[in-house]
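Peer 1: Sequence plus the predicted model coming up.
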Amino acid sequence: MAKKKKDVLLDHNYDGIQELDNDLPPWWLWLFYITIAFAVVYMFYYHFLGIGPSSAEEYMMEMNPNYVAEGSAAGGGIFDAYRSPYYSPKGEITPKVLEQMKKYIGPEISGNELVMEAMRRSDEATREKLKETFPELWEQLTAGGAALAKAPAAQPKAEATAEPVANIEPLTDEASLAAGKNIFITNCASCHGKLGEGGIGPNLTDDYWIHGAGMGNVVKVITNGVPAKGMITWKGILTEDQIKQVASYILTLHGTNPPNAKAPQGEKAEYPL
Amino acid sequence: MGRVETFYYDNKIVRDFALATVLWGVVAFLVGLTIAIQLYWPALNLGIPYMTFSRLRPLHTNAAIFAFVGNGIFMGVYYSLQRLLKTRMYSDLLSKLHFWGWQLIILLAAVTLVLGITVSKEYAELEWPIDILIAIVWVIFGINMIGTIIKRRERYMYVAIWFYIATFFTVAVLHIVNSIEIPVSLLKSYPVYAGVQDALVQWWYGHNAVAFFLTTPYLGLMYYFLPKAANRPVYSYRLSIVHFWALIFIYIWAGPHHLLYSSLPDWAQSLGTTFSIMLIAPSWGGMLNGLLTLRGAWDRVREDPILKFMVVAVTAYGMATFEGPMLSIKSINALSHFTDWTIAHVHIGALGWNGLLTFGILYWLMPRIYNTKLYSVKLANWHFWLATLGMIFYAIPMYWTGITQGLMWKEFTPDGFLKYPIFLETVLQLIPMYIIRSIGGLMYFTGAIIMVYNLRKTITVGALEPEEKAEAPALEPLPADYKEEPGNYGHRWLERRPVQFFVWTTIAILIGGMVEIIPMYLVKSNVPTIASVKPYTPLELEGRDIYVREGCYVCHSQQVRPFRSETERYGEYSKAGEYVYDHPFQWGSKRTGPDLHRVGGKYPDAWHYNHMQAPESMSPGSIMPPYPWLISDDLDLSTTAKKIRVMQTLGVPYPEGYDEIAIDDLREQAEKIVASLKESGIETEWNKEIVALIAYLQRLGTDIKGEKNN
């Protein structure tokens, strides 16, 4: 094609507006072609050929690096394939799972021992699942000690759960308690009452504690929260020092018998602790 | 050549629309500024329902789109169409009906939206009687425009008119299809679509409101006013043809990019992504034809504020239409969606493209119809700089907050926990940026006020020429052996045949919507049913209507995306089958607050009660405004039975005759919530609005909790 002259005026005139007969800019045209090619490749890759993962498969891969897509997205069904979020990218047990196990077994053991203990207490089906889900860890735990997995379930240690989390001493200086009171009024009073008498949340002045009495337990509940019951995680909003201050203040409320106190909840603790 | 005829252009209707554009523009900016400030100072709602963010935000978007830009479109169309076709508008009566009808719609919208009368579908919030009125007024506009085209004295239709035609037909189709709803009462209706289907139809509409209300008519205006103001020929006729047809055909497909990683089936999402990418070149065709038309006039751009407005407007259009396709790529959307990034993006389009082009046209056109010169070029320059800098001060903080918050939502600690598990933390991080953004808004608003003064002075100095005399030869039939100008795909042939042009335009804009929407209804696998998902109880339904009325969806999504960061924060990701009874859907598009799809059962009833009364009492630092009227107001039960019947019509499986016992059921459930509140020391009555809202919130997302996981 002969190259057209640039800027040739067409015989168009609309209220004085004229038009030039310029060609489409080549880079513009190529941009258009490339985006169309992109679209075609995209549709083939994700749909017609089904090579690329669907949104649901992407999610499963994010949750479990060992996940292998089965058939097309329309096939398996999302519920069947959904796995819980307790996988680390390396296929190891994540700290989050360990935390769960600690709740189940008790806080006094950790690491691989915790997993072994969990295996010991589990039934055959669960052990199979663990083996399948964490093959490397299974190898490691059973190597040279295959008996571990086969050993009969040990009796749960009853005293384990009753042990306090850690020995943190409550603060007693006036400044800290005043600061603690301040934090309490701003953040806690909405649910636990201005005097700790309870409301949406439990009464903090009586002998009864849902998650254990004492400084260590109170600090732990404030830090991690009890999301299921609406108690949020304060870690991140309050600093560690602030949590200690407010926990110490809460302990001073014990036995104050405020008016309109909420009925006791949880287990009675033996005072003095 | 035919006999020369004398006729008169109707300038009065242009003036009317121009003044309405200015007036509603100022209102839209002011409401926008107000809600921007409310984001860091919620008390600015003065404690009254009508001033609450969640009711004003729809007012702001509707005012900006339909009142400001809408009147701007009509101003420009009525001015340019007459001159491009060398004829007066088809009917003065229709022009008047169009003008007053449109202003009436705007007034009704302003009143109903602040009263909480809303369908909650974004940019289509207005209730059914107003929807009907919009359809009527829009058709009046269409008849007036088509009539004008038919009685033209110009043989060929200029590119601006192609865009006007596409605008008229497409907006009519979009508005009617998206607004099909069944009335419960004069002021309440339910859309016929539910859940995923409603979401698809809504964003097919919502995206194309951007395409065919904010883009195509404004491209038409650009094609008239920019060459006029620059006094230069349009760069490429051929580019006009190609980018016009490509744009209108492709645009209509792109809606699902608003629903990436949602419960919408993947194939529809992919169409949204791919067609958005293919939109870059057609969109840029418009920008190129605008900017390249200015070749040889750049020296004048430095001096003429009108050209400055137009250049920045067209550049903003180019930026927004590149950014849009980028945001439609799933991996980018995963970060940007639900954040302020989207807000920044739309404001580049709205403040830049629509706003600045409108200002440029106003400065060009007002002195002309008033037979005078612009009162002050200097003040117009001030306006230009305030508007441009205002835009920058607006957009940069919003990009910043969008990216910051998007990253904070996704960040994990090395131990595998969310780094910012408390949503509020990610909000409080943004406050300084919100303050800067509102300063940008204030600058933009100030510029507009300067324009009002400048135009006011211009009008006072000049005098309106209501009937502008013009002459043109009558259009004679073509000789039988007439040979069309060769080349350019034979397009010249089409340009003198309005009817064929209408038909081809309509075909081009129907295909995309049909391919996406029809299978969503006919193919069952698109929305897999979940057996445990049951219809809402009457109390929950009433609570849901309160949720809709208060505009909770403005700040809270109900769509947990399939990301580890979201399932950790909120719970299991959302499934299409969970929404089958949601008329309308409530997925939302922005998370100023956290997602609520899995909020059911997360907090005790009393938490919600206190939180609605005073959000700060439950989440210190929260920027959510209080909703005390929910605590004190009685639930309106007069339409409960009717609502159940309408839902039955829509296929929601309530047992036959259920409407008669619905209120008994409602009361029974309400009493349980009252009892649970009492346990926490809160006294209320069963028929308060708050009880219904709590019932709905506690129901949200709980249906599938009973579903087996393996």
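Peer 2: Yep, it's here.
Peer 1: could you pull out the strands for the stretch 151-273 of chain A?
Peer 2: A:208-209, A:267-268 (DSSP state E, counting those that start in this stretch).
Peer 1: possible to save the ones you listed as a markdown table with mean neighbour count and distance to chain B?
Peer 2: C-beta: built from backbone N, CA, C; applies to glycine. A markdown table is the format used below for the strands of the stretch 151-273 of chain A (neighbours: other Cβ atoms under 10 Å in any protein chain shown; distance: least, Cβ to the nearest Cβ, whole Å):
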| stretch | mean neighbour count | distance to chain B |
| --- | --- | --- |
| strand A:208-209 | 18 | 16 |
| strand A:267-268 | 12 | 20 |
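Peer 1: need the least confident one among those, by mean pLDDT.
Peer 2: Mean pLDDT per stretch puts strand A:267-268 lowest among these, at a mean of 86.
Peer 1: among the strands of the stretch 151-273 of chain A, which is nearest B:Trp385?
Peer 2: Taking Cβ to Cβ as the criterion, B:Trp385 comes closest to strand A:208-209 out of the strands of the stretch 151-273 of chain A, the separation being 64.8 Å.
Peer 1: which strands and helices sit next to the closest one?
Peer 2: Contact analysis of strand A:208-209 by 3 or more Cβ pairs under 8 Å, 6 or more residues apart in numbering or on different chains; DSSP states H and E lists strand A:267-268 as its packing neighbours.
Peer 1: contacts for the strand it packs on?
Peer 2: Strand A:267-268 is touched from outside by A:Asp207, A:Tyr208, A:Trp209, A:Ile210, with contacts defined as Cβ atoms under 8 Å, 6 or more residues apart in numbering or on different chains.
Peer 1: Could you spell out the sheet neighbours of that strand, each with its direction?
Peer 2: Partners of strand A:267-268 in the sheet, by DSSP bridges, are strand A:208-209 (antiparallel).
Peer 1: Quick check: buried residues in the helix or strand bottoming out on mean pLDDT in chain B?
Peer 2: Taking mean pLDDT, DSSP states H and E as the measure, the helices and strands of chain B show their lowest mean at helix B:615-618, namely a mean of 84. Residues of helix B:615-618 classed as buried under the neighbour-count rule (16 or more other Cβ atoms under 10 Å in any protein chain shown) are B:Pro615, B:Ser617, B:Met618.
Peer 1: helices or strands up against it?
Peer 2: Identification of packing neighbours for helix B:615-618 by 3+ Cβ pairs under 8 Å, 6+ apart yields helix A:189-192, helix B:605-613.
Peer 1: how about the last one, does it get close to chain A?
Peer 2: The one in question is helix B:605-613. Yes - on the criterion Cβ under 8 Å from any Cβ of the partner chain, helix B:605-613 is in touch with chain A at B:Ala606, B:Trp607, B:Asn610.
Peer 1: I'd guessed the second one sits against B:Ser617; true?
Peer 2: If I follow you right, that is B:Trp607. No - between B:Trp607 and B:Ser617 there is no contact under Cβ atoms under 8 Å: 9.8 Å.
Peer 1: so where is the stretch 151-300 of chain B shaky, pLDDT-wise?
Peer 2: For the stretch 151-300 of chain B, applying pLDDT under 70 flags no range at all.
Peer 1: which residues in it form strands?
Peer 2: Secondary structure of the stretch 151-300 of chain B, counting by DSSP E, counting those that start in this stretch: strands at B:181-185, B:188-191.
Peer 1: do the stretch 301-450 of chain B as well
Peer 2: Secondary structure of the stretch 301-450 of chain B, counting by DSSP E, counting those that start in this stretch: no strands present.
Peer 1: which parts of it sit against chain A?
Peer 2: B:Lys330, B:Asp415, B:Gly416, B:Phe417, B:Tyr420, B:Pro421, B:Ile422, B:Glu425.
Peer 1: contacting residues around the first one?
Peer 2: Taking Cβ under 8 Å, 6+ apart as the criterion, B:Lys330 is in contact with A:Ser55, B:Leu260, B:Tyr261, B:Gln269, B:Thr273.
Peer 1: which one of those has the most neighbours?
Peer 2: Sorting the contacts of B:Lys330 by how many neighbours each has (other Cβ atoms under 10 Å in any protein chain shown) puts B:Leu260 first, at 25 neighbours.
Peer 1: Leaving aside the residues adjacent along the chain, what's closest to that residue?
Peer 2: Using Cβ to Cβ, 6 or more residues apart in numbering or on different chains and skipping residues adjacent in sequence, the residue nearest B:Leu260 is B:Asn333, 4.4 Å away.
Peer 1: what's near enough to touch the residue nearest to A:Asn257 when sequence neighbours are not counted?
Peer 2: For A:Asn257, the nearest residue in space outside its immediate sequence neighbours is A:Thr205; the separation is 6.7 Å by Cβ to Cβ, 6+ apart. For A:Thr205, the contacting residues are A:Leu195, A:Gly196, A:Glu197, A:Gly198, A:Leu253, A:His254, A:Gly255, A:Thr256, A:Asn257, A:Pro258, A:Ala261, by Cβ under 8 Å, 6+ apart.
Peer 1: residues contacting A:Thr172?
Peer 2: Listed by Cβ under 8 Å, 6+ apart, the contact partners of A:Thr172 are A:Ser248.
Peer 1: Return the residues in contact with B:Trp41.
Peer 2: When contacts are counted by Cβ under 8 Å, 6+ apart, B:Trp41 is found next to no other residue.
Peer 1: repeat for B:Val452
Peer 2: Taking Cβ under 8 Å, 6+ apart, we find B:Val452 in contact with B:Val22, B:Val26.
Peer 1: Flag every buried residue along the helix or strand harbouring it.
Peer 2: Applying DSSP states H and E as the criterion places B:Val452 in helix B:431-461. Of the residues in helix B:431-461, B:433-434, B:436-438, B:440-448, B:450-451, B:454-455, B:458-459 count as buried by neighbour count, 16+ other Cβ under 10 Å.
Peer 1: For it, what is the distance to the chain centroid?
Peer 2: Computed by Cα atoms, centre = their mean, to the nearest Å, the chain-centroid distance of helix B:431-461 equals 22 Å.
Peer 1: now the contacts of strand A:267-268 in TSV, with distance to B:Ala313?
Peer 2: Compiled in TSV, the contacts of strand A:267-268 are given as follows (distance: Cβ to Cβ, whole Å):
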residue	distance to B:Ala313
A:Asp207	72
A:Tyr208	68
A:Trp209	66
A:Ile210	62
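Peer 1: Kind regards, and thank you for your time.
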